[in-house]
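[1] what follows is a predicted protein model with its sequence.
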Amino acid sequence: MKNSIFEPLFHPANHRFLAGCIFAICLLSYGGHAYYMNFNADDVIQIQSVSNDSLTYLSQGRWGLYLIFHVVQGDNPGGLFSLGLAVVLMMMSGMVGARVLGIKSGAVMLFFTLFSAVSLYYGRLFSFQLTWVAFTFGVFLSVCGVYLAAIKAKWLPATVLLGLAPAFYQPTIEVAVVLFLGALIFQIGDVGARKIIRRAFYYVAIVVASSALYVVTTKISPYISGVPLNGRSSIDVIEALKSFGRICNLFVNQSIPFNAGKEDPYFPDIYRIILSISFFVYVFCFFICSKRRNASSLALFIVFSAIMVVAPYFLAFASPADTFSTRSLIAFSFVHAIYLIYPIQQWILASPERGGDGKALLAQSSLVLGFAFVLISSWQVAKLSFDNALASQQDLLAVNRIISRIDDVLQDSAMANESSICIAVNFNTPTSAGPRGFAGTARATPWSKEWIFRLVDNRFIPAELGKKEELLAQSASKPKWPARGSVYTDLGCVVVNVN
């Protein structure tokens, strides 16, 4: 970008410095999650090995997650080291993903890496500490599989990698689909329409084959692990389509740029405005390319772009078991990065004699939009991690207060000196734990409301399911916390009746 303030960024001598800056930006963006060490409902139970909750990963078909978080990490999130490793994996995924799109300029590859790595979708995902290494490794495997299929034409290793990736995180399938579509869009006008269509069928075949491989490995995994699969790993197209309203809701609230993330309090209006402008710049850039002004190119662009905005949740058409929350839609990180990088790549490819047709201005606009996008996303992720920290702090302090009451109740009983105390908690009305009103509480979640007591004081062991049901049924007539009598003993267990 000659005669532009951005010109130094494109100089090869500055690429290493640019890469270092991007690493620092990513680490600062997500660092709050590691610095504050928040404990949401999943973290509370998953970091306590005695809970054996890691077996849940196997029942969900996530044996790759089991291997990394349980076997390798020992159910320990790993703090800043794990987060730093996750950032490295994200950057590697971005660089390889840029090559899939046909990007060869080092600076443009790094910008695509930045735009895809700093995202509110990843910010939501990283609120769960077990995701940092395993999930980003799954994304990296998926992106490498796409690279082998699209660039190296090695369908067999590509199918294997794409078939393994969902075992670490199922949305990696959707990441692969988005990158395949992005590769096709970037080729429109440079490659004949028939050839692009043939490549599209080839990519479809790769996705189908790799998905089948994942299904097969998932179905046989119980014979190896001894852990049966649960409904979350099921595939039922008929049942999925019966809940078509869920798919429509995802389309309206995620796929449409000016409405993206509207149901999530951390997606501000300025985020949607910048995303909408980026989308229009992306579309306009396609139309000003003279070699793309024909019916076949336009049809391919519309079809591939339309599929791309649905691809991040296309598993909703196959499985009725997932609600597809923000953290499971990380493929949108790549969709939005494609919007931002497309005009920059077209400017790079433009010949000097056609340099005055507006592409330079569009490229500079996309860079400005991209930097604003990253700044807003980083700021919102930082707010998210802070709110989660306040909620986690409030949870732990509230549990401490209840434990003080438990000690008072037990002080004159034989249970006072026991090293292992059975506990059952009746907390059926979820409340917001965060003083800012956004974050939920780990004290009311069914799988964590007893385990959070053990997180604070390892004397406590959750009551067995049958016994717990009996205790809680009898607690309905008891006073509610913090009234006297809301904490009592029954059947050799401590019962806490919150609400």
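    Okay, I see it. Numbers count the residues shown, from 1 in each chain.
[2] quick one: pLDDT of the residue nearest to Phe128 when sequence neighbours are not counted?
    Residue nearest to Phe128 in three dimensions, not counting chain neighbours: Asp42, with 5.5 Å by C-beta to C-beta, 6 or more residues apart in numbering. All C-beta spots, glycine's among them, are computed from the backbone N, C-alpha and C. Here, the pLDDT recorded for Asp42 equals 86.
[3] any idea how far Asp42 is from Phe135?
    Distance of Asp42 to Phe135, computed by C-beta to C-beta, to the nearest Å: 13 Å.
[4] which one of the two is surrounded by more residues?
    Shown here are Asp42 and Phe135; by other C-beta atoms under 10 Å, Phe135 has more neighbours (28 against 19).
[5] is it true that that one touches Phe168?
    Yes - using C-beta atoms under 8 Å, Phe135 and Phe168 qualify as a contacting pair, with a distance of 6.3 Å.
[6] which residues are common contacts for these two?
    The overlap between the contact sets of Phe135 and Phe168 (C-beta atoms under 8 Å, 6 or more residues apart in numbering) consists of Leu65.
[7] where's the residue nearest to Phe128, which helix or strand?
    Assigned by DSSP states H and E, Asp42 belongs to helix 41-46.
[8] distance from that helix to the middle of the chain?
    A distance of 17 Å separates the centroid of the chain from that of helix 41-46, by C-alpha atoms, centre = their mean, to the nearest Å.
[9] and what of stretch 445-458?
    Stretch 445-458 has its C-alpha centroid displaced from the chain centroid by 25 Å (C-alpha atoms, centre = their mean).
[10] any idea of the mean pLDDT in that stretch?
    For stretch 445-458, mean pLDDT is 89.
[11] again, but for stretch 99-118
    Stretch 99-118 comes out at a mean pLDDT of 95.
[12] next, the contact list for Phe334, please.
    Gly97, Ser116, Val175, Val178, Leu179, Gly182.
[13] cutoff 6 Å now
    Applying C-beta atoms under 6 Å, 6 or more residues apart in numbering to Phe334 gives the contacts Ser116, Val178.
[14] and what of Ala19?
    Contacts for Ala19 (C-beta under 6 Å, 6+ apart) come out as Leu110.
[15] please tell me the pLDDT value assigned to it.
    At Ala19, the pLDDT value in this model is 94.
[16] report the buried residues of the helix or strand where it lies.
    For Ala19, the enclosing helix or strand under DSSP H and E is helix 15-36. For helix 15-36, the neighbour count (16 or more other C-beta atoms under 10 Å) marks 15, 18-19, 22-23, 25-27, 29-34, 36 as buried.
[17] check stretch 388-401 too.
    Asn388, Ala389, Leu390, Ala391, Ser392, Gln393, Gln394, Asp395, Leu396, Ala398, Val399.
[18] stretch 141-157 now?
    For stretch 141-157, a neighbour-count test (16+ other C-beta under 10 Å) marks Leu141, Ser142, Val143, Cys144, Gly145, Val146, Tyr147, Leu148, Ala149, Ala150 as buried.
[19] need the longest helix for this structure.
    If you go by DSSP state H, the chain has its longest helix at helix 359-410.
[20] what's the mean pLDDT across that helix?
    Here helix 359-410 scores 91 as its mean pLDDT.
[21] and the next element down the chain from the least confident helix or strand in the chain by mean pLDDT?
    Across the helices and strands of the chain, mean pLDDT, DSSP states H and E gives its lowest value to helix 237-242, namely a mean of 60. For helix 237-242, the succeeding helix or strand toward the C-terminus, using DSSP H and E, is helix 244-250.
[22] distance from the chain centre to that next one, please.
    Put simply, helix 244-250 sits 19 Å off its chain's centre (C-alpha atoms, centre = their mean).
[23] again, but for stretch 82-90
    Chain-centre distance of stretch 82-90: 14 Å, with C-alpha atoms, centre = their mean.
[24] tell me which residues in it are buried?
    Ser82, Leu83, Gly84, Ala86, Val87, Leu89, Met90.
[25] who does whichever helix or strand comes after the longest helix of the chain touch, helix- and strand-wise?
    Next along the chain after helix 359-410, taking DSSP H and E as the criterion, comes strand 421-426. If you count contacts as 3 or more C-beta pairs under 6 Å, 6 or more residues apart in numbering; DSSP states H and E, strand 421-426 packs onto strand 460-462, helix 465-474, strand 493-497.
[26] and the angle for strand 421-426 with helix 359-410?
    Angle, strand 421-426 to helix 359-410, by axes from the mean of the first three to the mean of the last three C-alpha atoms, to 10 degrees: 120 degrees.
[27] quick one: contacts of strand 421-426?
    Defining contact as C-beta under 6 Å, 6+ apart, one finds that strand 421-426 is touched by 449-450, 453, 459-461, 463, 468, 471-472, 475, 493-497.
[28] fine by me, thanks again.
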